[in-house]
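Trainee: return a 3D structure for these sequence lines:
(one chain, ligands or ions: 2)
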Amino acid sequence: MNNVAVIGAQWGDEGKGKIVDLLTESADVIVRFQGGNNAGHTLVVNNEKFIFHLIPSGMLHKDKICLIGPGVVIDPKVLLEEIDNLAKHGYFVEKNLKISGTAHVIMPYHREIDILLEQKRGAKKIGTTGRGIGPAYEYKVGRRGIRVWDLIYPGQFKQKLNDVLDDVNDYVKAVFGHRGFDANRIYSEYSVYADKIRKFVLEGPLYLNGEISKKKKILFEGAQGTMLDVDHGTYPFVTSSNTTAGGVCTGSGVSPTKITEIIGVSKAYTTRVGEGPFPTELFGEMGDRIRSMGAEYGATTGRPRRCGWLDLVALKYSAMVNGLTGIAITKADVLNGVSRLKLATSYTVEDEKIDYVPSNIAEFERCKPVYEEMEGWDTLDPATGPGSLSPAVKSYIGFIESYTGVKVYILSVGAERDKTIVFKDPFKA
Ligand code: IMP
Ligand code: MG
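Mentor: Ligands and ions are numbered 1, 2, ... in the order given. Sure thing, here's the model as predicted:
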């Protein structure tokens, strides 16, 4: 048995796409288990850039199965656009895509409510991606959601849509003075999507567990990151799903006993998009330098990302809540030429020093980072392998390992596949 989960260890955008792409070589099935098209995984292959929002990036490999699991919320319009774009570039293999019938569908009213709620919050906005993710999960948990199974059977869809729209329209009219949504219009639009999607739909957990019993290797592709987890992140400045290791199981229908390795992906520094606390955020020249060197602009929304030093307190927290067995450090090359590097190893809140992430957001907002400084490096040359790493890089990695108690498995030093040093391959562990 060899099933690996790749989890964002920070606030998302850690470069999971690249790590997943790398590990996909050894996997048979790649699974998305949470989130939706709020995610944006950027991949550079043969000088072509691809941004994946919904379909697992494993689709770039012609012989891998890609499954969109039960925990995902699917905007069918976006899914179909993504399929078209992949097909146009010769990368879409129809039989390789599978969609769990129990995944929920993002509806037009989810997108609109997402935006209306953000406007209503004003200065207290969350900074969502505006893709309807939060409302789609609200409807799911509120047992008013429409699942892919409902969507693909016309009679079932019509019934569900009429029932829920009754409710939705009462709400949007009363709260936002909105004119309401027309059932027939949504029905016609979504029926077209349903016809195109039907062939991909199956019993997700049954399929996956069947593959596992056939000794197939599964790779679980996380979206967003630990600090954006709805339970364990900086609530309410979070996304609406469980981005942490527990979400792998609930979002796929695969037991925790079947997961053999959990890899947390972290940049060599930290970024965050959207609002919410971020103790190591840099506002001056250094922040700008990281943003421009690292091209730190959102893959989904294009927003400039907030940039800062590596926060080891948060990374250790991530190691704890996910039970990380390994870490992948990405974008180390972005720090090339920075002579002194800082890593947060504790916080101060008023006069007290703490070395954990407080779950009371008001307290976390008051946390100021306490840094250790380390010597930087000039260049990173992956071609010559681990042995050639400079002492400064080795110390940086060693420091991360000793602080978090987790081994660094992978070091990524550029966007391309060959700009990677693998110390340990989780599929060969
Ligand atoms: P939502 O997921 O669109 O509801 O947005 C909630 C919060 O999560 C906002 O701060 C977003 O910027 C953030 N977020 C959502 N998806 C991603 C992602 O893939 N990368 C980084 N941040 C994300
Ligand atoms: Mg991203």
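
Trainee: show me what residue 341 bridges to in the sheet.
Mentor: Beta bridges link residue 341 to residue 374, judged by DSSP bridges.

Trainee: which other residues reach stretch 74-92?
Mentor: For stretch 74-92, the surrounding residues in contact (CB atoms under 8 Å, 6 or more residues apart in numbering) are 36-37, 48, 50, 52-55, 59-60, 62, 68, 97, 99, 103-106, 111, 131-132, 148, 151, 190, 193-194, 196-197. All C-beta spots, glycine's among them, are computed from the backbone N, C-alpha and C.

Trainee: could I get the phi/psi values of the residue located most distally from the centre of the chain?
Mentor: Distance from the C-alpha centroid of the chain, by CA atoms, centre = their mean, peaks at residue 351 (35.1 Å). Phi and psi for residue 351, reported as degrees, to the nearest 10, are phi -100, psi 0.

Trainee: and for the one 4 residues further on?
Mentor: Comment: the main-chain dihedrals of residue 355 come out as phi -120, psi 30, following degrees, to the nearest 10.

Trainee: without its sequence neighbours, what residue ends up closest to it?
Mentor: Excluding the flanking residues, the one nearest residue 355 by CB to CB, 6 or more residues apart in numbering is residue 346, at 4.5 Å.

Trainee: which residues does that neighbour contact?
Mentor: Counting by CB under 8 Å, 6+ apart, residue 346 touches 313, 353-355, 369-370.

Trainee: filter the contacts of stretch 74-92 down to the buried ones and hand me the ChimeraX line.
Mentor: Selection of buried members from these for ChimeraX, criterion 16 or more other CB atoms under 10 Å:
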select :36,37,50,52,53,54,55,59,60,68,97,99,103,104,105,106,111,131,132,148,151,190,193,194,197
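
Trainee: narrow the contacts of stretch 74-92 to those in strands?
Mentor: Counting by DSSP state E, the part of the contacts of stretch 74-92 found in strands is 48, 50, 52, 68, 97, 99, 104-105.

Trainee: could the residues you listed be laid out in TSV, adding distance to residue 396 and pLDDT?
Mentor: Formatted as TSV, the ones in strands among the contacts of stretch 74-92 follow (distance: CB to CB, whole Å; pLDDT from 0 to 100):
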residue	distance to residue 396	pLDDT
48	31	83
50	30	85
52	29	90
68	36	98
97	39	98
99	41	98
104	41	98
105	44	98
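
Trainee: so which two of those residues are the farthest from each other?
Mentor: 48 and 104 (31.5 Å; CB to CB).

Trainee: assign the residue in the stretch 201-350 of the chain that ligand 1 sits nearest to to helix, strand or coil.
Mentor: Across the stretch 201-350 of the chain, the shortest distance to ligand 1 (CB to the nearest ligand atom) belongs to residue 274, at 2.1 Å. Under the three-state scheme (DSSP: H, G, I helix; E, B strand; the rest coil), residue 274 adopts coil.

Trainee: count the neighbours of it for me.
Mentor: Using other CB atoms under 10 Å, residue 274 has 22 neighbouring residues.

Trainee: so it sits against residue 133, correct?
Mentor: No. Applying CB atoms under 8 Å as the test, residue 274 and residue 133 come out as separate, 11.8 Å apart.

Trainee: what distance do you get for residue 199 to ligand 1?
Mentor: Residue 199 sits 28 Å away from ligand 1, going by CB to the nearest ligand atom, to the nearest Å.

Trainee: just residue 110 next, same as before
Mentor: Per CB to the nearest ligand atom, residue 110 is found 10 Å from ligand 1.

Trainee: now do the helix or strand of the chain with the lowest mean pLDDT: distance to the chain's middle.
Mentor: Lowest mean confidence among the helices and strands of the chain (mean pLDDT, DSSP states H and E): strand 41-45, at a mean of 81. Chain-centre distance of strand 41-45: 14 Å, with CA atoms, centre = their mean, to the nearest Å.

Trainee: and what of stretch 394-409?
Mentor: Centroid separation for stretch 394-409 versus its chain: 23 Å, with CA atoms, centre = their mean.

Trainee: buried residues in that stretch?
Mentor: In terms of neighbour count (16+ other CB under 10 Å), stretch 394-409 has its buried residues at 396-397, 399-400, 403-404, 406, 408-409.

Trainee: and stretch 172-180, by the same measure?
Mentor: Neighbour-count burial for stretch 172-180, counted by 16+ other CB under 10 Å, picks out 172, 178.

Trainee: again with stretch 356-363
Mentor: In terms of neighbour count (16+ other CB under 10 Å), stretch 356-363 has its buried residues at 357-358, 361, 363.

Trainee: is any residue of that stretch near ligand 1?
Mentor: No. Judged by CB under 6 Å from any ligand atom, stretch 356-363 stays clear of ligand 1, getting no closer than 13.4 Å.

Trainee: so what's residue 322 closest to, chain neighbours aside?
Mentor: In space, residue 322 is closest to residue 245, 4.2 Å off (CB to CB, 6+ apart).

Trainee: what about the helices in the stretch 1-150 of the chain?
Mentor: Using DSSP state H, counting those that start in this stretch, the helices found in the stretch 1-150 of the chain span residues 16-24, 76-88, 108-121, 133-141, 148-152.

Trainee: same deal with the stretch 151-300 of the chain?
Mentor: Applying DSSP H, counting those that start in this stretch to the stretch 151-300 of the chain gives helices spanning 154-176, 183-197, 204-213, 245-250, 285-293.

Trainee: can you tell me which helices and strands the third one packs against?
Mentor: To tie it back to what came earlier, the one meant is helix 204-213. Counting contacts by 3 or more CB pairs under 8 Å, 6 or more residues apart in numbering; DSSP states H and E, helix 204-213 packs against strand 29-32, strand 65-68, strand 97-100, strand 218-221.
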